[in-house]
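Trainee: Please work out how this folds:
(one chain, ligands or ions: 1)
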Amino acid sequence: MTPWTMIFAVDSNWNIGYDGDMLFKIHADLRRFRRMTKSNIIIMGRKTFESLPDQKPLPNRINIVVTRDRDFLRQGVTVVHGLEALKTLVEGLVMESGGALRPFLIGGGQLARQCLSWCDHALITKVFRSFDQSDTLIPNLDEDPDWVPVWNSRRYSQDDLIYQYVNYERAQSRVVRPSPALKGELDDGKR
Ligand SMILES: NC(=O)c1ccc[n+]([C@@H]2O[C@H](COP(=O)([O-])OP(=O)(O)OC[C@H]3O[C@@H](n4cnc5c(N)ncnc54)[C@H](OP(=O)(O)O)[C@@H]3O)[C@@H](O)[C@H]2O)c1
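Mentor: Numbering: from 1, shown residues only. Have a look, this model is predicted:
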């Protein structure tokens, strides 16, 4: 199976959301997200889809939404109803593209927990603050020996938020198969 890349913005406790929305919006991070995922596959749970602006798919990407709701239908969205169907669909799209398409898991907490084992890269934007009001989190990769940080940017700031980009790889994948995609991410962090 083609490994996926997770892309998330977390607070210092790896919280990612509250009440259906993100905890913070960092403009440079959102631009980076767009650049990274453009022309690729983005995979999300139904709640993350509903948190997108106007509940519309993000343009210039293949948008896949996972839901158990058999009536869920949105223009420009490919809907799947379970994890096995999701895995098969993504694998088919990657194969058809000759490996050109890269699958990104973009949210939210439920999908991250269920699909973590299918990912071997993680692009994490770390905000150095703990948000008291949060109800959604993803697994803390710093506490998971399967994951190693392989690169971090310098620290940036927006208003009173200080943040940093950190790229992780699954330890096993580093030995077996250094990722060709990593170079772009390294370059990106040198802004
Ligand atoms: N900071 C970040 O980087 C970031 C990124 C993305 C999202 N977020 C935030 O995360 C929050 C949303 O995350 P969440 O964990 O609440 O929800 P989520 O993972 O986005 O979506 C959960 C929904 O996905 C569907 N689903 C999950 N597992 C499924 C399975 N095995 N089979 C079929 N359908 C399945 C279900 O939809 P149905 O109920 O329709 O069946 C479920 O209610 C929001 O606050 C959002 O703003 C933050």
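Trainee: could you pull out the strands for the protein?
Mentor: 4-10, 15-18, 21-22, 41-45, 62-66, 77-80, 103-107, 119-127, 136-137, 147-152, 156-158, 161-170 (DSSP state E).
Trainee: check contacts around residue 110.
Mentor: 45, 47 (CB atoms under 8 Å, 6 or more residues apart in numbering). For every residue, glycine as well, the C-beta is placed using N, CA and C.
Trainee: For it, report the pLDDT, please.
Mentor: As predicted, residue 110 sits at a pLDDT of 98.
Trainee: ok, back up a step: now the strands of the chain in JSON lines, please, with extra columns for mean pLDDT.
Mentor: JSON lines is the format used below for these (pLDDT from 0 to 100):
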{"stretch": "strand 4-10", "mean pLDDT": "98"}
{"stretch": "strand 15-18", "mean pLDDT": "98"}
{"stretch": "strand 21-22", "mean pLDDT": "97"}
{"stretch": "strand 41-45", "mean pLDDT": "98"}
{"stretch": "strand 62-66", "mean pLDDT": "98"}
{"stretch": "strand 77-80", "mean pLDDT": "98"}
{"stretch": "strand 103-107", "mean pLDDT": "98"}
{"stretch": "strand 119-127", "mean pLDDT": "98"}
{"stretch": "strand 136-137", "mean pLDDT": "98"}
{"stretch": "strand 147-152", "mean pLDDT": "97"}
{"stretch": "strand 156-158", "mean pLDDT": "98"}
{"stretch": "strand 161-170", "mean pLDDT": "98"}
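Trainee: Buried deepest among those, which one?
Mentor: strand 103-107 (a mean of 25; mean count of other CB atoms under 10 Å).
Trainee: the inter-axis angle of that strand versus strand 62-66?
Mentor: If you take axes from the mean of the first three to the mean of the last three CA atoms, to 10 degrees, strand 103-107 sits at 50 degrees to strand 62-66.
Trainee: hmm, strand 103-107 touching the ligand?
Mentor: Yes: residues of strand 103-107 contacting the ligand under CB under 6 Å from any ligand atom: 106-107.
Trainee: Contacts for that strand, please.
Mentor: 2, 4-8, 16-17, 33, 36-37, 40-45, 47-48, 51, 90, 93-94, 111-112, 115, 118-119.
Trainee: Of the strands of the chain, which is nearest residue 86?
Mentor: strand 77-80 (4.7 Å; CB to CB).
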